Structure formats: C-alpha cells, structure tokens
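**Student:** Predicted model and sequence below, questions to follow.
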Amino acid sequence: MAHGCTYLIFYGWLADARGAPTPAAQAIALARPALAIVAGMTAQPRRRNFTPAVRELWLEAGISTLIYVPTAYARRDWNEVWSACREAQTWGAQGVLLDEVLPAVDRGWWAYYGRLYSALAGELLIALNTGVAHTAPEVMAACDLLMVEHQWRQFAAQAAWRAAFPSSRFMGVSSNELGAQLWLGRSIDRHSASAETRAAWRCGIGWHTSTARYTELPPWLSAYLTELRDTEGCSQQAAR
C-alpha cells in the first residue's frame, strides 16, 4: 500500500465574533488532518478567521495551517500578496497557499512568484496552486508544495518530470466543486473518498484530500481520516 498524507481545504467560518472556535473548527481538531488550508479572514463582516484560539486548538491537535492567498494569475499587486503572506506569519500559520498561479513559467513569472519564494522561503511553507496537469517543472524551484487540484490523475500520467521529486511535494484534491467531476470521473462521497486518496498516493501524489465543497465539512470527514490515518507515511513537515 502506498503511503501519503491527508489534508483539508475549508474556507468556511472558523471563529465566532469573540474569536472562539466554531463547531466546524472544533470538528477539524477532532478529525486531525495533518494540514488545513483555510481563509485567514472572513468576507462580510470583515474579521479575523484564523484566530489565536483556533490556532492553539489546532496546534494541540497536531494540525499545521496554510492561509489561502489569491494572486489572480500574477495580476494582484505583488506588495499586497507579500503583505498577506507576512500577515499569515504573524497569525502563527505555518505557511500559505498561493492560489490562481500561472502554470507556464517566463521572466514575468519569476519576477512575481520567484521573488515571493525568495522573500519567504525558510520562514513559511509555500504551496502554489496551478490547478492544471500541464504545469512547467520550473515551478518547483519557487515552492515547497505544488497543488494541481482536481487534475492530479492527469498530472501524474503526463508530467514525467515529477519523478525527480519526492511525492511529498505534490498535492491533489477530489471534491464536488463545480467542474471537478469532469476530471475525477465521479462524485465524492463516503464510499469513494478513501479510494480517491489511496489512488492519489499510489500514483505519486503524496498529499491528497477528499471532500464535498470547500465551504462545508462533509459529515463523513472524521471517519474518512480515521480510516486512512494508520496508513499515512509522512508528516506535515515532510515537504520541507
């Protein structure tokens, strides 16, 4: 059996108006994924989502946290993205997920993403989400983790260059988000969740999560993670 790591994507509410963990944050602590990717701030009202109370709860449960930071395919102001990453660091997060990342690499890509990695490497764990199978191998020089989201099967089959890297550098997702079934070939429920994660591990995607939607926790989350926990072979520090 191939071994790997489980993680979680959850962009819902983690803290109430007082900063205390919501039932969802408490459920995540009980489920104990190795890593959680979350929104650091709420939208309306605008307030801190990854609060000190949530951080302490998750640290006690052994959960590392990456804060979601969109880059709008390098159109978002670089200084704004850099500030958001630094803010995540002050909150006590272990790293950031830079989302909406261009999969092709050119001089402008390096000026944006390469510069970010140079500024943050060694201080924060940096994950890049290109979300597509056709991702240039050069991106690996500017991240600790590469997420190819729902196209992980296609990426594993097409990107021969990934063999030069340990499986713990790659992340995949199986969910019911809009358009996901086109790439996955099926919907995700309690019966398919574990099979999807094990399939990802077998084809060299070391980090994988199965879930419903990014803004809700599936009722089977704890059972799914418990079933896989005995076969996990890497820790949240594996990609460093």
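**Tutor:** Nice, thanks for sending it over.

**Student:** residues in contact with the residue nearest in space to the middle of the chain?
**Tutor:** Nearest to the geometric centre of the chain sits residue 37, at 4.8 Å (C-alpha atoms, centre = their mean). Contacts were defined as C-beta atoms under 8 Å, 6 or more residues apart in numbering; by that measure residue 37 touches 7-10, 65-68, 97, 127. From N, CA and C alone the C-beta is placed, and that goes for glycine too.

**Student:** what's the neighbour count on the residue lying closest to residue 124 once chain neighbours are set aside?
**Tutor:** Distance criterion C-beta to C-beta, 6 or more residues apart in numbering; nearest residue to residue 124, sequence neighbours excluded, is residue 95 at 4.6 Å. Neighbours of residue 95 under the rule other C-beta atoms under 10 Å: 26.

**Student:** related to what we said a few turns ago, could you export the contacts of residue 37 to TSV, including columns for distance to residue 121, pLDDT and neighbour count?
**Tutor:** Formatted as TSV, the contacts of residue 37 follow (distance: C-beta to C-beta, whole Å; pLDDT from 0 to 100; neighbours: other C-beta atoms under 10 Å):
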residue	distance to residue 121	pLDDT	neighbour count
7	21	98	24
8	24	98	22
9	23	98	23
10	26	98	24
65	18	98	25
66	15	98	26
67	16	98	24
68	19	98	23
97	15	98	24
127	12	98	26
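
**Student:** quick check, nearest of these to residue 222?
**Tutor:** Nearest to residue 222 among the contacts of residue 37: residue 8, at 11.1 Å, using C-beta to C-beta.

**Student:** Run me through the strand neighbours of the helix or strand where that closest one lies, direction for each.
**Tutor:** According to DSSP states H and E, residue 8 maps onto strand 5-10. Within its sheet, and counting by DSSP bridges, strand 5-10 is paired with strand 35-38 (parallel), strand 207-210 (parallel).

**Student:** Ok, which of the ones you listed comes nearest residue 200?
**Tutor:** Across the strands paired with strand 5-10, closest to residue 200 is strand 207-210 (C-beta to C-beta), at 3.7 Å.

**Student:** Could you list every helix and strand in contact with the very next helix or strand once past that closest one?
**Tutor:** Later in the chain than strand 207-210, the nearest helix or strand by DSSP H and E is helix 221-229. Packing partners of helix 221-229 (3 or more C-beta pairs under 8 Å, 6 or more residues apart in numbering; DSSP states H and E): strand 5-10, helix 23-31, helix 190-202.

**Student:** Now do the buried residues in helix 221-229.
**Tutor:** Using 16 or more other C-beta atoms under 10 Å as the test for burial, helix 221-229 gives 221, 224-225, 227-228.

**Student:** Format those as CSV; extra columns: distance to residue 148 and pLDDT.
**Tutor:** Supplementary listing: the buried residues of helix 221-229 in CSV, determined by distance: C-beta to C-beta, whole Å; pLDDT from 0 to 100:
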residue, distance to residue 148, pLDDT
221, 22, 97
224, 21, 97
225, 22, 96
227, 24, 93
228, 20, 93
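
**Student:** No further questions, thank you.
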